[in-house]
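S.K.: A predicted structure for the sequence below; I have some questions about it.
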Amino acid sequence: MVAIVDYGMGNIRSVLNALEALGADGQLVSDASKLDGADRIILPGVGAFGDGMRHLDERGFTEALPECVRSGTPLLGICLGMQLLATRSFEHGEHPGLGLVPSDVRLLEPGGDLRVPHIGWNVVERRRESCLLGDEPDPTFYFVHSFELHPDNLDVVTGTAPYGAPVTAVVEDEHVLGCQFHPEKSQHDGLALLRRFLEL
């Protein structure tokens, strides 16, 4: 069973539809105690970091998700969900995160005439071998974000998106994985990424 964390801030229906298209048993989970039977967990998210952490905490996920990771359950954060894996964010003040990927989340600063938020399709370039990206050439994904993850250890970054300076697009640290883009909205390449996550 793939648990999709339902904390009131994610495009959960499109994630569920993508899993169904892959033949996976995706289930929406709004009660942290129901994570115990999950083989894999997806943490989606749209919105502000502080609100996201508040909603996770209200539903008991801030303690349950790290415990699941410690027990070996793969966790995939999507968009805001990836940022929530960080140590802290500076979006509208300073907010603590889940701390699963030691990192800060800061405002995206691409420079030049590039706009923030970063919205649209972008190729993702591999930085090293990646379980999520596989070997497909020039995978392209759909992004919508104004903030970026800055990991303490750059070795966890397996993919970046060229948008001015390279933007952290994929992180992988043992059982903790994240993508800044929306694989569930990224057609073939997005479904291929989700399939690889299901095969971990």
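M.R.: Received the coordinates, thanks.
S.K.: how far out from the middle of the chain is stretch 134-149?
M.R.: Its chain's C-alpha centre lies 11 Å from the corresponding centre of stretch 134-149 when counted by C-alpha atoms, centre = their mean, to the nearest Å.
S.K.: C-alpha coordinates for it, CSV please?
M.R.: Only the C-alpha atoms of stretch 134-149 are listed here, as CSV (Å, rounded to 0.1, in the frame of the first residue of the first chain):
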residue,chain,number,x,y,z
GLY,A,134,16.8,6.5,-14.0
ASP,A,135,18.7,6.6,-17.3
GLU,A,136,16.1,8.4,-19.5
PRO,A,137,17.7,11.2,-21.5
ASP,A,138,16.7,14.8,-20.7
PRO,A,139,13.7,14.1,-18.5
THR,A,140,11.3,17.0,-18.3
PHE,A,141,9.0,17.9,-15.5
TYR,A,142,6.4,20.5,-14.5
PHE,A,143,7.4,23.0,-11.9
VAL,A,144,5.5,25.5,-9.8
HIS,A,145,7.5,27.0,-6.9
SER,A,146,9.0,30.2,-5.4
PHE,A,147,11.3,28.6,-2.9
GLU,A,148,14.2,26.2,-3.2
LEU,A,149,15.8,23.6,-1.0
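S.K.: list the buried residues of that stretch.
M.R.: Neighbour counts using 16 or more other C-beta atoms under 10 Å place 139, 140, 141, 142, 143, 144, 145, 147, 148, 149 of stretch 134-149 among the buried residues. (Glycine included, C-beta is placed from N, CA and C.)
S.K.: might one say that the third one is in contact with residue 160?
M.R.: No. With contact defined as C-beta atoms under 8 Å, residue 141 does not reach residue 160; the gap is 11.9 Å.
S.K.: which neighbours do the two have in common?
M.R.: 124, 169 (C-beta atoms under 8 Å, 6 or more residues apart in numbering).
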